[in-house]
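Novice: Requesting a structural model of the entry that follows:
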Amino acid sequence: MKKTDKEINLTKKEKKIIKEQIYDEIKDDLTVEISKSILDEVKTSLNSDYKDELKSKITDEIKDDIKTNIRKEEHKLSRGKDLKIFRLYIYIFLLLALFGFVVYKLYITNHLNVIVPDNIKIPSIKVEEETTTKAATSEDLVKKYSYLMDNINITDSTLLTGQNKMKDTNIEERLKLAYNNLKKDQISIEGSIYIISSDDLKDAYNKLFSLNDYKETNFSVNSLDYKYSSKTNSYIAISNSKEENSEYILEIENIFEDETYVYIETITALKKNDYIYNINNLDSSIVKYKSGTKLSKYKSNLSMNRIVFEKESNTLYAILKI
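Specialist: Residues are numbered from 1 along each chain as shown. Below is the predicted model of the structure:
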């Protein structure tokens, strides 16, 4: 039998070459078609996203405009109210400042009555003082009793800021007052060592107080810590610091009496480094002290005390704040 068609047997290499030729022929057409399809889809997607984004952006801008307008209107409405509130704050501040000034003036002049709880008792003198008939100041009373103040040399401010009856104060405070009445030759000073006789201190104590309760007790005065020595029957102190140039001044303002007591009212001040201070306010001075300075001229800025003596013995009974 005669063959009309010759059987073609292709190798793998030949088949590969043919496939590549076919691919090259249709590649361009397929690429164009596929690219077009992808571009259409992308365009559709972008249009949709753009519309949503644009819508969102416009909505946000409208919201911001509305908020801005609302804030402007609120500012207009509140500006008048804020001004009124600011004025109110100014008035309150001025009132507080005035109140503080009044309290300060009352405090430094010892005229401030502080409200305290009912369970805290304010020390006071018994009825004997309250029933006193107060007489007008006279030259006779001043001449008669002013010498009593020569025995009062105070170095402790606490005695001038309360209601202190001597029998109710501790003995250390009374020893300070007695020490200040010692004569200069009764205080032996050897370098930085100070020595006083217990007998001399006892004598000064009994002259100043009619309590008959003297006992040897350590005490501190004028930056000196006195310790009692039973071996020598004396008090010894060592000075470790320079004494301040300060002293309390009590200027007689008024004197009156009754059958039992003599009352000497004084204007009280602290003289420190040649300046006068209110004893309740050591931050600012009142005036520079000069020889002959009268405290009565500055009475409104200073405090006052009433020194009470027993007439029969001329001894100190109380130191009161008034």
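Novice: how near is the spatially closest residue to Ser239 that is not a sequence neighbour to Lys183?
Specialist: Of all residues not flanking Ser239 in the chain, Ser192 sits nearest, at 4.6 Å (C-beta to C-beta, 6 or more residues apart in numbering). Yep, even glycine has a C-beta here, placed from its N, CA and C like the rest. Distance from Ser192 to Lys183, counting by C-beta to C-beta, to the nearest Å: 21 Å.
Novice: Same drill for the two, tell me which one is more crowded.
Specialist: Ser192 (11 against 8; other C-beta atoms under 10 Å).
Novice: Quick check: the more buried one touching Ile236?
Specialist: No. Contact criterion C-beta atoms under 8 Å: Ser192 and Ile236 do not qualify, at 11.2 Å.
Novice: Need the overlap of contacts for these two.
Specialist: With C-beta atoms under 8 Å, 6 or more residues apart in numbering applied, the contact sets of Ser192 and Ile236 do not overlap.
Novice: in this structure, what spans have low per-residue confidence?
Specialist: Across the chain, the ranges flagged by pLDDT under 70 are 1-10, 14-15, 19-67, 69-84, 86-89, 91, 93, 97, 99-138, 241-244.
Novice: please redo it, this time with the cut-off set to 80
Specialist: Within the chain, the stretches with pLDDT under 80 are 1-138, 240-245.
Novice: show me where it has helices.
Specialist: Secondary structure of the chain by DSSP state H: the helices cover 12-108, 127-130, 139-145, 171-179, 198-208.
Novice: Next, the buried residues of the fourth one.
Specialist: Pointing back at helix 171-179 there. Ile171, Glu173, Arg174, Leu175, Lys176, Leu177, Ala178, Tyr179 (16 or more other C-beta atoms under 10 Å).
Novice: Might you report the residue contacts of the residue nearest to Ser239?
Specialist: Ser192 neighbours (C-beta under 8 Å, 6+ apart): Ile238, Ser239, Asn240.
Novice: Now render these as CSV, adding distance to Thr158.
Specialist: Shown next, in CSV, are those (distance: C-beta to C-beta, whole Å):
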residue, distance to Thr158
Ile238, 24
Ser239, 23
Asn240, 23
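Novice: residues in contact with Asp213?
Specialist: Contacts for Asp213 (C-beta under 8 Å, 6+ apart) come out as Ile171.
Novice: and it, backbone torsions?
Specialist: phi -130, psi 30 (degrees, to the nearest 10).
Novice: One more: Tyr214?
Specialist: phi -60, psi 140.
Novice: Can you give me the neighbour number for it?
Specialist: Burial of Tyr214 is recorded as 18 neighbouring residues (other C-beta under 10 Å).
Novice: wait, it sits on Leu208?
Specialist: No. If you go by C-beta under 8 Å, Tyr214 and Leu208 don't touch, sitting 10.4 Å apart.
Novice: Name the residues contacting each of the two.
Specialist: Common neighbours of Tyr214 and Leu208 (C-beta under 8 Å, 6+ apart) do not exist.
Novice: Can you point out the buried residues in stretch 185-204?
Specialist: Buried residues in stretch 185-204, counting neighbours by 16+ other C-beta under 10 Å, are found at Gln186, Ile187, Tyr194, Ile195, Ile196, Ser197, Ser198, Asp200, Leu201, Asp203, Ala204.
Novice: which residues touch Ser285?
Specialist: Taking C-beta under 8 Å, 6+ apart as the test, what Ser285 contacts is Lys272, Tyr275, Ile276, Tyr277.
Novice: So the last one is in contact with Val287, correct?
Specialist: No. If you go by C-beta under 8 Å, Tyr277 and Val287 don't touch, sitting 9.6 Å apart.
Novice: the more surrounded of those two?
Specialist: Tyr277 (22 against 14).
Novice: Can you tell me how far that one is from Leu160?
Specialist: 12 Å.
Novice: Likewise for Asn245?
Specialist: Taking C-beta to C-beta, one finds Asn245 at 19 Å from Leu160.
Novice: Neighbour count: those two, which is higher?
Specialist: Between Asn245 and Leu160, counted using other C-beta under 10 Å, the more crowded position is Leu160 (23 against 9).
Novice: ok, so what distance separates that one from Val308?
Specialist: The value you get for Leu160 to Val308, if C-beta to C-beta is used, is 14 Å.
Novice: Can you pull the residues that touch both of those two?
Specialist: Contacts common to Leu160 and Val308, judged by C-beta under 8 Å, 6+ apart, are Ile319.
Novice: what two of the buried residues of stretch 185-204 are the furthest from one another?
Specialist: Tyr194 and Asp203 (18.0 Å; C-beta to C-beta).
Novice: before we move on, back to that, buried members of the contacts of Ser285 into ChimeraX, please.
Specialist: To isolate the buried ones among the contacts of Ser285 in ChimeraX, judged by 16+ other C-beta under 10 Å, type:
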select :272,276,277
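Novice: tell me the two of the contacts of Ser285 that are most distant?
Specialist: Pairwise distances among the contacts of Ser285 were taken by C-beta to C-beta; the largest, 8.3 Å, belongs to Lys272 and Ile276.
Novice: Kind regards, and thank you for your time.
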